[in-house]
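>>> Sequence and predicted model, in that order:
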Amino acid sequence: MGVDYTENFSPVVKPITIRVLLTLAITHEWPLEQLDINNVFLNGILNEEVYMQQPTGFQHHDKTLVCKLNKAIYGLKQAPRQWFEKLKSTLITLGFMVCRCDNSLFIHTSTTYKLFVLVYVDDIIVTGSSPSHVHKIIDALSSAFALKKLGKLDYFLGIEVKHLRNGSIVMSQSKYITDLLDRAHMGSARPVNAPMTSNYKLSKVGDEPVSDPTFYRSIVGALQYATVTRPNIAYNVNKKTAISKPLAITAFCNADWASYVDDKKSISGACVFLGPNLITWWSKKQTTISRSSTEAEYRSLALAAQELI
């Protein structure tokens, strides 16, 4: 069977990029506008030759004939990539550049203002230092694509965004987590302050295997996404800070002492703040890495934030 594509990768926005951009927007009191593209994949232009069977209701009497696609349709593996390339070329035409730290973020800079467009497939956030130019970009995109102007950002990637009167915002995933609890048959479970005791040791041997490994893995994977807004099962609240103060990057890290019972490796954790706002965090089993590689990771985070600022 032949292959009808060579590359189907489409960039996915990083959670840290979302939090850094929201931090800048609320700190400088920028507008946060949200767009949704209609029939998004139908905008992509195919580079490869792709054929399909005659669709129902449009059959030719000659059943041996097939249809050659000029544009992407839903179901093609390269459809997300081709849509992103179409949007990318449109934004570049409008004067934007791709952010070096995240291909899903586009930046337009002039001597008097700066604009940002954050893309996740068909969900788009537009913000910047000039409200009038933000709306001009939205109008320009509206001329290029059929889209819905959703107004002020309130729901993005399953994350609820609540705007408070003091200018700050609260990000939560309450509906996502409630649905996850129902799927795990724990909707009536009593809440606890911490998900597990701090001195409990887990091992890959010696315990009874779970009855449904696939279901268990799906729940663990879904919980990973819940950490986007809830480190340590706490809401991530972005607070407004005085714009006269520089947005300093502060990092904290710690590790236990060889607590992993199977191979005596440590569990390390870290968190990074941009100004007063927590923008990224992690907790993972340590691997054999050098101190220089860890420092390089922090430097890359600093460069990413500096590019946006």
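Ah, there it is. Residues are numbered from 1 along each chain as shown.
>>> Can you tell me the SS state at residue 148?
State at residue 148, reduced to three classes by DSSP: H, G, I helix; E, B strand; the rest coil: strand.
>>> any idea how far the closest residue to it other than its chain neighbours lies from residue 253?
Spatial nearest neighbour of residue 148, excluding adjacent residues (CB to CB, 6 or more residues apart in numbering): residue 36 at 4.6 Å. Where C-beta positions appear, they are placed from N, C-alpha and C, glycine not excepted. As judged by CB to CB, to the nearest Å, residue 36 and residue 253 stand 38 Å apart.
>>> The chain - how does it break down into domains?
15-51+66-151, 154-189+210-240, 242-309 (automatic domain parsing).
>>> Now render these as JSON lines, adding distance to residue 57.
Listed next are the domains of the chain as JSON lines, based on distance: least, CB to CB, whole Å:
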{"stretch": "domain 15-51+66-151", "distance to residue 57": "13"}
{"stretch": "domain 154-189+210-240", "distance to residue 57": "36"}
{"stretch": "domain 242-309", "distance to residue 57": "49"}
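>>> closest to residue 59 out of those domains?
Evaluated with CB to CB, those place domain 15-51+66-151 nearest to residue 59, the distance being 10.3 Å.
>>> distance between the ends of the closest one?
For domain 15-51+66-151, the first-to-last residue distance is 22 Å (CA to CA, to the nearest Å).
>>> Could you list the low-confidence segments of the stretch 101-250 of the chain?
Across the stretch 101-250 of the chain, residues meeting the criterion (pLDDT under 70) sit at 194-207, 230-246.
>>> the helices in it, which residues?
131-144, 174-183, 213-226 (DSSP state H, counting those that start in this stretch).
>>> Quick check: which of the domains of the chain is buried the most?
For the domains of the chain, the largest average neighbour count (mean count of other CB atoms under 10 Å) is found in domain 15-51+66-151, namely a mean of 17.
>>> which SS state does the residue nearest to residue 148 fall under?
strand.
>>> so it makes contact with residue 151?
No - counting by CB atoms under 8 Å, residue 36 does not reach residue 151; the two are 10.9 Å apart.
>>> ok so, going back, turn the helices of the stretch 101-250 of the chain into CSV, columns for distance to residue 12.
Shown next, in CSV, are the helices of the stretch 101-250 of the chain (distance: least, CB to CB, whole Å):
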stretch, distance to residue 12
helix 131-144, 20
helix 174-183, 17
helix 213-226, 12
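>>> How about the contacts made by the residue nearest to residue 148?
Counting by CB atoms under 8 Å, 6 or more residues apart in numbering, residue 36 touches 122, 123, 124, 147, 148, 150.
>>> Return the distance of it relative to residue 107.
Note on residue 36: its distance to residue 107, by CB to CB, is 22 Å.
>>> Residue 13 too?
For residue 13, the distance to residue 107 (CB to CB) stands at 14 Å.
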